[in-house]
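Trainee: turn this into a structure:
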Amino acid sequence: MAKVKIATDWLAGCAGCHMSFLDIDERIVQLLDKVEFTSSPVTDLKHPPKEGVTVGILEGAICNTHNVEVAKQMRERCQILIAVGDCATFGGVPAMRNLVGTREALKRAYLDTETTVGGLIPDSTELGKPLETVVGVDKVVKVDLFIPGCPPRADAFFYALSELLAGRTPVVLPPEHFVYD
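Mentor: Residues are numbered from 1 along each chain as shown. Presented below is the predicted three-dimensional model:
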C-alpha cells in the first residue's frame, strides 16, 4: 500500500502551529508506516514537491503576493488542503495591521521604533508586495478543513490526520481539540 504524502508550508505568522505539530511527539511514529512527510518541520524541507501530495497543511495568513503564490501552489499540489491556526483561519495576529493599514503598520514597524536600524522600509521582491488587507487562506484558495487555535493543540493535528488516514473526513473537530493560549 502506498504511503499518504503529507506536506506542510507556512505563510505569515509566528510558526507556532508548526511547533504544535511537532508536539505530536511519539505519536508521529504511529503514523510513519502510513505516511511520508514530503515537506514539514520533521523533514526541514520548506515547500512541497510539485505533485503527488495527498494532504497539505498550510499555516499562516495571506499578507503579501508571495503568500498568495504559496497558497495557490499548495492548493494545486495537494488533494486535501488543511488550514491551521487562527492566522490561516481569519488572519490572526498578522491581521492586526488591518486596523491601521499596511503603510502605517510598516511605518510604525520600520521607521518609528527606536530599535530599527537604517530607518528604511524593506523593499524586497523575495518578501512579496504587501497586500492592502491581511486575510485567511480561504479568501485565496479552497480549504477542505480548518483547525483553529493559537496554536492548535497537537491532539487536533493527530485527530485530523488519523481520521483522514482512516478514510474519514473530519468535518468538525471535537471541542476538546480547541485551545487558545
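
Trainee: in this structure, which helix or strand is least confident?
Mentor: When the helices and strands of the chain are scored by mean pLDDT, DSSP states H and E, helix 16-22 comes last with a mean of 66.

Trainee: show me the contacts for residue 55.
Mentor: For residue 55, the contacting residues are 4-7, 78-80, 82, 161, 164, by C-beta atoms under 8 Å, 6 or more residues apart in numbering. Any C-beta I mention is one placed from the backbone N, CA and C, and that applies to glycine too.

Trainee: that one belongs to a strand?
Mentor: Yes - under DSSP: H, G, I helix; E, B strand; the rest coil, residue 55 sits within a strand.

Trainee: run through the bridge partners of the residue nearest the centre of the chain.
Mentor: By C-alpha atoms, centre = their mean, the chain has its centre lying nearest to residue 59, at 0.7 Å. The partner list for residue 59 in beta bridges (DSSP bridges) reads residue 10, residue 84.

Trainee: so where's the protein shaky on pLDDT?
Mentor: The chain contains residues with pLDDT under 70 at 1, 16-26, 39-50, 116-118, 124-126, 171-181.

Trainee: okay, helices next: where are they in it?
Mentor: Remark: helices assigned in the chain by DSSP state H are 16-22, 27-31, 65-77, 85-90, 102-110, 154-165.

Trainee: quick check: the residue nearest to the centre of the chain vs residue 3, distance?
Mentor: Residue 59 sits at a distance of 22 Å from residue 3 (criterion: C-beta to C-beta, to the nearest Å).

Trainee: now residue 135
Mentor: As for residue 135, its distance to residue 3 is 33 Å (criterion: C-beta to C-beta).

Trainee: when the two are compared, which one has more neighbours?
Mentor: Taking neighbours as other C-beta atoms under 10 Å, residue 135 and residue 3 compare with residue 135 leading, 18 against 15.

Trainee: residue 80: neighbouring residues, count only.
Mentor: By other C-beta under 10 Å, neighbour count at residue 80 equals 17.

Trainee: that one is in contact with residue 160, isn't it?
Mentor: No - between residue 80 and residue 160 there is no contact, the gap being 9.8 Å when judged by C-beta atoms under 8 Å.

Trainee: shared neighbours of these two, anything?
Mentor: Each of residue 145 lies in contact with both residue 80 and residue 160 under the rule C-beta under 8 Å, 6+ apart.

Trainee: I figured residue 106 hits residue 132, correct?
Mentor: No - assessed by C-beta under 8 Å, residue 106 is found out of contact with residue 132, at 11.9 Å.
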